[in-house]
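[1] Got a predicted structure here, sequence first:
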Amino acid sequence: MEHTPRQLFAMIEAGMREEVLRSNTFWYCVSCYFCMARCPQEVHITDLMYTLKRMAIREGYYRESTAADAPDFSETFIDFVENYGRSFELGLATRYHLRHHPMGAIKQATGIGWNLLRRGRMDLTPQRIKGVDQLQAILARAKELEAVNGGGGVQ
Amino acid sequence: MTEERIGVYICHCGSNIAATVDVHDVSTWAGEALADRGVVVARDYQFMCSSLGQELIEADIREQGLTRVVVGACSPHLHETTFRNACQRAGLNPYLCEMVSLREQVSWVHTDRAAATEKSKSMISGGVERVALHEPLEPLIVPINPATLVVGGGIAGIQAALEIADSGYPVYLVEREPSIGGHMAQFDKTFPTLDCSACILTPKMVSAGGHPNITLLTWSEVEQVDGYVGNFTATVRKKARYVNADVCTGCGNCIEKCPVRVVDDVFEAGLGYRKAIYRPFPQAVPKYPVIDVDNCTYFQRGKCKACQLFCPTEPKSIDFTQQDEIIQLNVGNIILATGYDLFDCRRIPQYGYGRLANVFTSLEFERLCNAAGPTAGEVVLRDGITKPESVGIIHCVGSRDNKYNSYCSVICCMQSLKFAHLVKERTGADVYNFYIDMRTPFKDYDEFYQKVLAEGVHFVRGRVAEVTDAARNPGEEGKIIVQVEDTFIGKQRRIPVDMMILSAALEPRHDSNDVAYTFGIACSANGWFIEKHPKLDPVATMTEGVFIAGCAQGPKDIPATVSQGAAAAARVLGRINQGQLALEPVRASVIEARCSGCRICNNVCPFNAILFHEDRMVTEINPALCQGCGTCVAACPSGAITGTQFSNEQVLAQLDGLLMWDLSDLPVRHLEPVTVG
Amino acid sequence: MKYGYYPGCSLERNASAYNQSTLAVARKLGIGFAEVDDWNCCGATEYIAINLLPAYALIGRNLALASQLPVDPITGNNGHQPQKQLVAPCSACFLNLSKADHYMGQSPKLTRQVNDALAAGGLSYDPGSIRVRHLLEIMVDDVGFETIGATVNRPLYNLRLAPYYGCLIVRPGFHGKFDDPEYPTKLDTLLQTLGATVVDYPVKTHCCGGHMTQISEAVAHDLIRRLLKNAADHQADAIVTLCPMCQLNLDGYQDSVNKRFGTNFQLPILYFTQLMGLAFGLPASDLGFGKELVPADLALKKIGVEPPPPSTGKRQRPPKEALPMPSAEIPERARKETVP
């Protein structure tokens, strides 16, 4: 984590837009919400971290961060959700790791992946909901609306 | 056409009003458009409240024969008296002057100049219509009882009581606990001079205890207050002590022989023990102990009486048959100095208090340091033996946090610096102070900070995330670990220590709202008593004759507390020396012929000013108790209650003036006396 | 009492033990579940990192479908309109569903846009019409400790458990504060009600790493190690969880953590519903046991038939010189509402 949240906010205040969006900090956010529970000013820090992630992706700065792979994990995840309506762990792990850390993919496949498969805790094929078309229509409309709005907003 | 000759005066208030309102336009307009409403002169002036401004009004009254005055300026809260006095000097009854708040209600709250100017005209018009119906009034004169009730026997109350008593007037000093002394008696050293708290406090306690003009009522609580400024009657419950003060010598045999030991949550802050018969500390004033009925074997199980058996006096001082006593005190003024409660650190569970043995509150640490405390001043861990080798002190625990108290508790920085110094001095331990901002204003305070810095205390700027015993590596085993973002480094740090001290927030007393209600004053949303004016009237309240001092008004240190105690006493003494007091004649009164005796108004009065005559079946209002709030006026279904200066006629005339758009349509003094219902 | 039920993707497969034990326990307690028809993924922590409005629309579809369920709305204690109660056993689903409803309730603009998107699928959702509840909340607040205690017929005597809440059930509390966000105790009490011994577990609301196992193994493994180490330091026989993500990370990566740090943790990670089922006397095979990667057999063998010897009643007297310890309870007069 290159910057503490406090430093990030100070940089935002100082107008250091590019440095903020290039930071790897928000990609390390695990959404534990401790910051929101503890902030004496009740700043919605977790939500702001999500906002910074979205801005960094939209403006391409994430590629210059040391966590450049992170958005791809989210996007691979989303890809499965958009196509099937459900998440698909095996597909996600395989595709993401093969693309970014092939060695890791082997490790995952032989380690946790194998163990989960063995215990019947992982599907070999994705599950598809009945209303995939309906879901895709909804998401397409939402994306249209978001494009008009410029993806702004904190929540 | 009114026969009144009305003068209208528009104040610029420097640029406060003039920047947003075209004041000249308003005055010109008033002079012309309101001429047929009785306005004979209208002026604007840069500072109407200045001597020159007032003289302008006075001269017009004399030379132009004004019979009414309207001043468009700030809020009547600030300058009503100023302009009333100006009228009086020129021979006009002061209640024939009306203020229109062009600053608070117009210029400070609007930005559109044209609209603000029009609104000002409308409000001036309302003032003109209203003032024409004003009646000349005379203030109510009430005598002042020279006795004073001081509630709370901490340093603020003691100081106030002594100031008044030394001036020769009687004081009743009421204290809830068995001894006076308050929180200051619990402390060891005081910042920034590090003088011994007891050494400077006990002489004052002794003076208060033995003062011929002070009646000390400890172990007592005020239950009810009736009356009004100059003539209050306070009902006080003297809780049974079960010790006869007339015979008791304070020898302490009874305490020594009492077999019951209980944790003392009040004076020892839970860190030490007391007996079931006890006085909180050796220098207690008065010296007589009290019996804690809930823990006394005799009261709980009907036998023991060791205290009585070993009492050396004849007759015995211990009297198990004593009852609570209710007494009534007649006083002219009241000073509330009820102090503060400490924030309960268990509300922030991640700081570990109540779970991790070696996390202490600030008050616990004061007792730990105190030579008369449970460890005789040894700074040790909860086991009572081990000296800490490293100590962490967290500032702002429960303060400056919107989840608990958003305010700064004022004393924590200096208190924490004092703790750091005392730990260093007594143990030589490594000390870490965790702070958000270092706040050391006032005389010699920052010098003290410099001194503690020079002593080698570590300062980490950052709000502590958590205090835990969950070790991550061998170096942390058996320690308390402070997890904090060091904002200077921009990194998370984990600092293992042996002992933690939490500088807890000062909070209003848990029952401050009830106490405020009893005394007829107001609390802020936080629960602190509200002063009449935050800068210019800090010890008075909106209730005449009730003053506040010390931490009951808001967090403050000892010097500020003592100053407020003395200031409240000075205000009271001023009142007593006047001998009598002129009260605003703005009062409600009952038109008996219209009163149906329904008694609806009887229970709405917040000042208990309404009494009912059963024989004649009519209600009457005591003008000295009435504060003119108007609640009963609004409640009366027969329109039988009228408020001086707020009669229906006056209020409706003002409304007509405000809605003036076509004044020519108004009939001359068109209003018939209005009867509602 | 009938609730809407949103199992979420994990409970379909990876956390099927959680689903199985939840349904078994619910049957035993007479709780009715109506599963949301054809629900979709809640987006986990990923969707909202890429797109804002589509993330809410994704969740919105679930809320819209849930609001069509044949479940009677009830008036909660929060002064709300009557709301249909929707149960999510997964903490991430619980968070996302409640978060979308909360922010929609706060922002008419967001509601308008989400409903605009939902309209493309012939759906709509009225924020505030559903109250999202975590499964644990239903068990402790609706069913209650008394009923649970009365249903226990095989108490978990002698089993030492570390109650692990994780993050999202207690923070940030979009649908009301369920328990303290830093140091909750309701799962502790539940496990005690089942007869188990509960260890003080100061890291009980610390993060399991979430998706960090995929972003940075080093960071994730360290987070997991802290949780395992503290439970082991307290001689826990198992860690009890209420979230599939927490279970997966602590269970699935325990081996990797041991390899990375040279440790030898062997802590089974069990769902609280599995333990409820055991204590209710349900057969282990109905509760999904055997799917955990770190086997639970050793721990479960410790469950005694006899309760541990009762305490002598005498509090152990601290040494004479020791200072009194404050009670852990906040006294009534100091109990003020902490702003959520």
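    Happy to help now that I have it. Residues are numbered from 1 along each chain as shown, chains lettered A, B, ... in the order given.

[2] Could you show which parts of chain C are in contact with chain B?
    Residues of chain C lying close to chain B by C-beta under 8 Å from any C-beta of the partner chain are C:180, C:182-183, C:200, C:202-203, C:226, C:229-230, C:233, C:319, C:321-331, C:333-336, C:338-339. All C-beta atoms are positioned from the backbone trio N, CA, C, and that covers glycine.

[3] Which among the residues you listed count as buried?
    C:Asp180, C:Glu182, C:Tyr183, C:Pro202, C:Val203, C:Arg226, C:Lys229, C:Asn230, C:Asp233, C:Leu323, C:Pro324, C:Pro326 (16 or more other C-beta atoms under 10 Å in any protein chain shown).

[4] Would you mind listing what in the stretch 301-450 of chain B touches chain C?
    So the stretch 301-450 of chain B meets chain C at B:341, B:344, B:346-350, B:353-355, B:357, B:368, B:374-375, B:380, B:382-385, B:402-404 (C-beta under 8 Å from any C-beta).

[5] now with 7 Å?
    By C-beta under 7 Å from any C-beta of the partner chain, the residues of the stretch 301-450 of chain B that approach chain C are B:344, B:346-347, B:349-350, B:353-355, B:357, B:374, B:382-385, B:402-404.

[6] Check the offset of the host helix or strand of C:Cys246 from the chain's centre.
    Assessed by DSSP states H and E, C:Cys246 sits inside helix C:244-252. Offset of helix C:244-252 from its chain centre (C-alpha atoms, centre = their mean, to the nearest Å): 12 Å.

[7] ok, and does that helix reach over to chain A?
    Yes. Using C-beta under 7 Å from any C-beta, helix C:244-252 reaches chain A at C:Gly252.

[8] Run through the residues that contact the residue in the stretch 151-300 of chain C that chain B sits nearest to.
    Across the stretch 151-300 of chain C, the shortest distance to chain B (C-beta to the nearest C-beta) belongs to C:Tyr183, at 3.5 Å. By C-beta atoms under 7 Å, 6 or more residues apart in numbering or on different chains, the residues touching C:Tyr183 are B:Pro349, B:Gln350.

[9] any idea how far it lies from B:Pro349?
    3 Å (C-beta to C-beta, to the nearest Å).

[10] First-to-last residue distance for stretch C:319-328?
    20 Å (C-alpha to C-alpha, to the nearest Å).

[11] Next, the residues that contact the helix holding C:Cys246 from outside, please.
    In contact with helix C:244-252 (C-beta under 7 Å, 6+ apart) are residues A:112, A:115-116, C:10-11, C:14-15, C:18, C:90, C:92, C:164, C:166, C:208-210, C:213, C:224, C:227-228, C:239, C:241, C:269, C:271, C:292-294.

[12] sorry, back to before: which element is the residue of the stretch 151-300 of chain C closest to chain B on?
    Here C:Tyr183 is assigned to no helix or strand, by DSSP H and E.

[13] try B:Ser399
    Per DSSP H and E, there is no helix or strand for B:Ser399.

[14] Let's see the pLDDT reported for residue 21.
    Defaulting to chain A. Per-residue confidence (pLDDT) for A:Leu21: 95.

[15] try chain B instead
    On the pLDDT scale, B:Val21 gets 96.

[16] What distance do you get for it to A:Met103?
    B:Val21 is 76 Å from A:Met103, by C-beta to C-beta.

[17] Tell me which helix or strand in chain A has the weakest average pLDDT.
    Least confident element among the helices and strands of chain A, by mean pLDDT, DSSP states H and E: helix A:102-108 (a mean of 70).

[18] In ChimeraX, how would I select just the buried ones from the residues of the stretch 301-450 of chain B next to chain C?
    Selection of the buried residues among these in ChimeraX, burial being defined by 16+ other C-beta under 10 Å:
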select /B:344,346,347,349,350,353,354,355,357,374,382,384,403,404
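
[19] Inside helices: which ones of the residues of the stretch 301-450 of chain B next to chain C?
    Among these, no member is found in helices (DSSP state H).

[20] Can you tell me who C:Ile130 pairs with across the strands?
    C:Lys84 (DSSP bridges).

[21] How many neighbouring residues does it have?
    25 (other C-beta atoms under 10 Å in any protein chain shown).

[22] Could I get the pLDDT score of B:Pro606?
    The predicted local confidence for B:Pro606 is 77.

[23] which ones are touching it?
    B:Cys629, B:Thr631.

[24] Quick one: low-confidence residue ranges for chain A.
    A:104-105, A:108-109, A:150-155 (pLDDT under 70).

[25] What's the nearest residue in it when you look at chain B?
    For chain A, C-beta to the nearest C-beta, closest residue to chain B: A:Pro40, 3.7 Å.
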